[in-house]
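**Q** 3D, please:
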Amino acid sequence: VQLQASGGGLVQPGGSLRLSCRASGFDISINYMAWYRQAPGKQRELVATITSGETTIYANSVKGRFTISRDNSRNTVWLQTSRLKPEDTAVYYCNTPYNAAQNIFWGQGTQVTVSS
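**A** Predicted structure coming up:
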C-alpha cells in the first residue's frame, strides 16, 4: 500500500491549492478515503472524509472552504482548498480511516504553508 500526496506549497492567505493523493496497492473505490493534517507541535487531525458512495464530511474548521473528491478510475483523491488561512498550515496526508486508526500507511504527506 502506498499513498502519494502532492500539490502543496506556499500560498498567501485567501489563496487556494489543489492537493492530490494517488493510491497504489489497493482499490480506493471500495474504501472510505480521508484527508488529515498535522501542524507543528500538534496532533494529526481529520480534515475531510469521502465515503465509497461519495458522501462528504468536513471538519468544522474547513467546512465551506475545502472540497474532497475522488476519481476511482485513477485511484486518486483530491482536496480542493480555498480561502486558506495561516492556521491551515500543516503537512497534509490522505489515508483510509481504517488505516489511520491503525496508524499505518501514512506516506510522506505534502506541506501546505499559508503565509504573507
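
**Q** For the residue most central in space within the chain, which three-state class applies?
**A** Residue closest to the average C-alpha location in the chain (Cα atoms, centre = their mean): residue 35, at 2.8 Å. The assignment at residue 35 comes out as strand when based on DSSP: H, G, I helix; E, B strand; the rest coil.

**Q** Isn't it up against residue 77?
**A** Yes - the pair residue 35 / residue 77 is scored as a contact, 7.4 Å apart, by Cβ atoms under 8 Å. Using the backbone N, CA and C atoms, a C-beta is placed for each residue, glycine as well.

**Q** list the residues that contact both of the two?
**A** Contact with both residue 35 and residue 77 is made by residues 21, 68, 94, according to Cβ atoms under 8 Å, 6 or more residues apart in numbering.

**Q** show me where this structure has helices.
**A** Ranges of helices within the chain are 97-102, based on DSSP state H.

**Q** Can I get the helix or strand bottoming out on mean pLDDT in the chain in CSV, CA atoms only?
**A** The helix or strand of the chain with the poorest confidence is helix 97-102; it has a mean of 93 (mean pLDDT, DSSP states H and E). Provided in CSV are the C-alpha atoms of helix 97-102 (Å, rounded to 0.1, in the frame of the first residue of the first chain):
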residue,chain,number,x,y,z
PRO,A,97,-9.9,5.9,8.1
TYR,A,98,-9.3,2.2,9.0
ASN,A,99,-5.5,2.6,8.2
ALA,A,100,-5.5,5.9,10.1
ALA,A,101,-6.9,4.2,13.2
GLN,A,102,-4.2,1.6,12.9
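
**Q** now for it, which elements pack on it?
**A** If contacts are counted by 3 or more Cβ pairs under 8 Å, 6 or more residues apart in numbering; DSSP states H and E, helix 97-102 sits against strand 33-38, strand 45-50.

**Q** which one of those strands is the most hemmed in?
**A** strand 33-38 (a mean of 22; mean count of other Cβ atoms under 10 Å).

**Q** what's in contact with the lengthiest strand in the chain?
**A** The strand that spans the most residues within the chain, counting by DSSP state E, is strand 17-24. Residues outside strand 17-24 that contact it (Cβ under 8 Å, 6+ apart): 1-9, 11, 33, 35, 74-81, 84, 92, 94, 107, 110, 112.
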